[in-house]
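Participant: could you work out the structure for the sequence below:
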Amino acid sequence: MSFISYKYILFLIFLFLCCFFTDKKYRHYLLLISSIVFCCSIHVSVFATACISLCINFGLGICIVSSARKNTLAATGVLINLLLLAGFKYVLPPWKSSHVWYSLGISYYTLQNIGYLLDVKNRKITPVKNILDYALYLLFFPKFIGGPIETAGGFLAQVKNAPAITDEKVSHGFRLILWGVFKKIVIANNISFYTSQYLALIPVQNFYIEIGSLNTLATVILLGFQLYADLSSYTDMARGAAKILGYDLSLNFANPFFVRTVGEFWRRWHMSLSNWFKVYVFYPSFLFLQRNINLKMQDAVAAYKIHYVVSISVTFILLGLWHNLSLNFLMVGIIQSIFLSLEIGWKDMNPEKPAHSFSWMFIYPFFVFICTMLFFFTHSLADAFHMINSIGLLNAPARPFFKIYDLCIVTSFLIFMLVVENLHYKKDLQAEFNKQPVLWRWTMYAVLVLAILYFGNYSQQKTFIYESF
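Facilitator: Model prediction:
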């Protein structure tokens, strides 16, 4: 059941009405049942796989708190989760058909399970006593397939408090869903129409001679915007669906392209994922190095910096490999860690100058982001280097690749999206929008709906890019 299908719309409307007329102390049971239905509507194996994971981790959480060997049990739990992830995502698929349903969402709820066990071990939260509450935390359908990655403490507190469904939440949720559909159908799918054609041409011998350098460069840039529009649209729709049901999910993007450093980019890009790796990978690895690896250097600050850079490198390499165990995603992690390390080095050499003093506006971090797109969307290192070679040839295309009219339309909507989200970051457009007359607000809704109906591309990706992870 895709977020952009009529079935999902009817499902969400029906669920909202049921929740609205149900006593809020029983509402979380209704949400759990609906989440199970959502998982089973994709495939029963999706629910079965998640059930195995949630039962194991629910039991481990209770055992950890009452055990004298908390560290051992927590480490065992992390290992079990990683084995389940590897087994369902990488070992079983070759034995089955190409439609591997049972691993859908497993990368996300595996991180949530690991975070839960480590938080219980570190006494940040108490273990959940009711397995139904933990099941809702893991299976809650808006975030199940593609995040945001929620902490157990934050989400379970909402389950316990039974949040109310208010007019403000419903209107905000509706706007988020509409904005998300606009970004997915009008922007991401229209860009995908061209980028998918280009990526399909890469295996063709000497494709870059026919395509030309400028078309390759334009495609790489469009891939970056496609990824943002696709991933952020899913987050918007997930947060919107949760809002109208009374729940709050984490903000995942905060105007990431208008930054001056790679470090700042990662504080605003896929924030629930980057925060998870910061809390559960970077901090523990940095503390481990500080306590156990003595570099025997006279300069303590230099040793601190080395430990810091190594921890960043480990974190981003693992973050890249979380997407997929391949050389391409290893390169994604390496590229990010290299530039983050260079920023630290620049700060040390120029303590009175900010790290962005060698950049102009957002060009530098955007360039780094685009470099990773070469490896993110291609199937092998060879394909990525073919694209780099195509850009480096500086040759003219043998035939037109983009339709100028379509490209202008997509670019216009892309600029509109970036301007709106930049304004929202600087000033709360939600509050400003609510102050406007009703007629003006509904006119804006109508304009977005007409844009979706007239300019939307319904033939391209009906799924989201991050569903494959």
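Participant: how close does residue 43 sit to residue 103?
Facilitator: Relative to residue 103, residue 43 is positioned 11 Å away (CB to CB, to the nearest Å). In this view, the C-beta of every residue, glycine as well, is placed from N, C-alpha and C.
Participant: helix or strand with the lowest mean pLDDT in the chain?
Facilitator: Least confident helix or strand, the chain: helix 207-211 with a mean of 69, by mean pLDDT, DSSP states H and E.
Participant: and the next element down the chain from that helix?
Facilitator: For helix 207-211, the following helix or strand on the C-terminal side (DSSP states H and E) is helix 213-244.
Participant: list the helices and strands that next one packs on?
Facilitator: helix 6-20, helix 141-144, helix 167-182, helix 189-201, helix 363-376, helix 381-393, helix 404-426 (3 or more CB pairs under 8 Å, 6 or more residues apart in numbering; DSSP states H and E).
Participant: quick one: pLDDT of residue 204?
Facilitator: pLDDT, residue 204: 68.
Participant: in the stretch 301-450 of the chain, where is pLDDT below threshold?
Facilitator: The model of the stretch 301-450 of the chain has pLDDT under 70 over residues 347-362, 395-400.
Participant: rerun that using 50 as the cut-off
Facilitator: Applying pLDDT under 50 to the stretch 301-450 of the chain picks out residues 357-359.
Participant: hang on, residue 391 packs against residue 215?
Facilitator: No - counting by CB atoms under 8 Å, residue 391 does not reach residue 215; the two are 9.8 Å apart.
Participant: of those two, who's got more company?
Facilitator: A count of neighbours by other CB atoms under 10 Å puts residue 215 above the other of residue 391 and residue 215, at 21 against 18.
Participant: next, the residue lying closest to the more buried one once chain neighbours are set aside: secondary structure please.
Facilitator: Once flanking residues are discounted, residue 215 sits nearest to residue 401: 4.4 Å by CB to CB, 6 or more residues apart in numbering. At residue 401 the chain is in coil, as set by DSSP: H, G, I helix; E, B strand; the rest coil.
Participant: please shift the residue numbers so they start at 42 in all later answers.
Facilitator: Let's use 42 as the start, then, which means that last one is residue 442.
Participant: relative to residue 161, how far out is residue 442?
Facilitator: 54 Å.
Participant: settle it for me: which of these two has more neighbours?
Facilitator: More crowded of residue 442 and residue 161, by other CB under 10 Å: residue 161, with 26 against 19.
Participant: check contacts around the more buried one.
Facilitator: Contacts for residue 161 (CB atoms under 8 Å, 6 or more residues apart in numbering) come out as 102, 105-106, 115, 167-168.
Participant: what is the neighbour count of residue 295?
Facilitator: Look at residue 295: counted by other CB under 10 Å, it has 14 neighbours.
Participant: domain parsing for the protein?
Facilitator: Residue ranges for the domains of the chain, per automatic domain parsing: 47-202, 208-296+437-509, 303-401.
Participant: which one of the ones you listed lies nearest to residue 427?
Facilitator: When those are compared by CB to CB, domain 208-296+437-509 sits nearest residue 427, at 5.9 Å.
Participant: end-to-end on the closest one?
Facilitator: For domain 208-296+437-509, the first-to-last residue distance is 35 Å (CA to CA, to the nearest Å).
Participant: how far does it sit from the chain's center?
Facilitator: In terms of CA atoms, centre = their mean, to the nearest Å, the gap separating the centre of domain 208-296+437-509 from the centre of its chain is 15 Å.
Participant: same check, this time on stretch 377-384
Facilitator: On CA atoms, centre = their mean, the centre of stretch 377-384 falls 21 Å from the chain's centre.
Participant: list the buried ones in that stretch?
Facilitator: 377-382, 384 (16 or more other CB atoms under 10 Å).
Participant: from those residues, pick the one nearest residue 454.
Facilitator: The nearest one, if we look at these relative to residue 454 and count by CB to CB, is residue 377, at 28.3 Å.
Participant: circling back to that earlier point, just want to know which of residue 84 and residue 144 has more residues nearby.
Facilitator: A side-by-side neighbour count of residue 84 and residue 144, using other CB under 10 Å, places residue 144 first with 21 against 15.
Participant: which residues does the more buried one contact?
Facilitator: Taking CB under 8 Å, 6+ apart, one finds 90, 129-130, 133-134 in contact with residue 144.
Participant: closest to residue 410 out of the domains of the chain?
Facilitator: domain 208-296+437-509 (5.7 Å).
Participant: list the buried residues in stretch 484-493.
Facilitator: Neighbour counts over stretch 484-493 (16+ other CB under 10 Å) mark 489, 493 as buried.
Participant: do the same with stretch 92-106
Facilitator: Within stretch 92-106, the residues scored as buried using 16+ other CB under 10 Å are 94-95, 98-99, 101-102, 104-105.
Participant: mind checking how far that stretch is from the chain centre?
Facilitator: Using CA atoms, centre = their mean, the offset of stretch 92-106 from its chain centre is 25 Å.
Participant: before we move on, what about stretch 160-170?
Facilitator: The answer for stretch 160-170 is 25 Å, by CA atoms, centre = their mean.
Participant: end to end, how far does it reach?
Facilitator: Stretch 160-170 has its terminal residues 15 Å apart, counting by CA to CA.
Participant: what average pLDDT does that stretch get?
Facilitator: Taken as a whole, stretch 160-170 carries a mean pLDDT of 91.
Participant: with stretch 95-114 instead?
Facilitator: Averaged over stretch 95-114, pLDDT sits at 89.
Participant: restricted to strands, list the buried residues of stretch 92-106.
Facilitator: Among the buried residues of stretch 92-106, no member is found in strands (DSSP state E).
Participant: dump the residues you listed to TSV, plus distance to residue 62.
Facilitator: Below are these laid out as TSV (distance: CB to CB, whole Å):
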residue	distance to residue 62
94	33
95	29
98	33
99	30
101	37
102	34
104	40
105	39
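Participant: where exactly do the helices run in the stretch 292-441 of the chain?
Facilitator: For the stretch 292-441 of the chain, the helices defined by DSSP state H, counting those that start in this stretch cover 303-307, 312-318, 324-333, 341-364, 368-390, 404-417, 422-434.
Participant: mind checking how far residue 469 is from residue 488?
Facilitator: In terms of CB to CB, residue 469 sits 21 Å off from residue 488.
Participant: one more: residue 467?
Facilitator: Residue 467 is 22 Å from residue 488, where distance means CB to CB.
Participant: over to residue 242?
Facilitator: Going from residue 242 to residue 488 by CB to CB gives 36 Å.
Participant: do the same with residue 495
Facilitator: To residue 488, residue 495 is 11 Å away according to CB to CB.
Participant: residues in contact with residue 459?
Facilitator: residue 298.
Participant: likewise residue 121?
Facilitator: Contacts of residue 121 by CB under 8 Å, 6+ apart are 97, 101.
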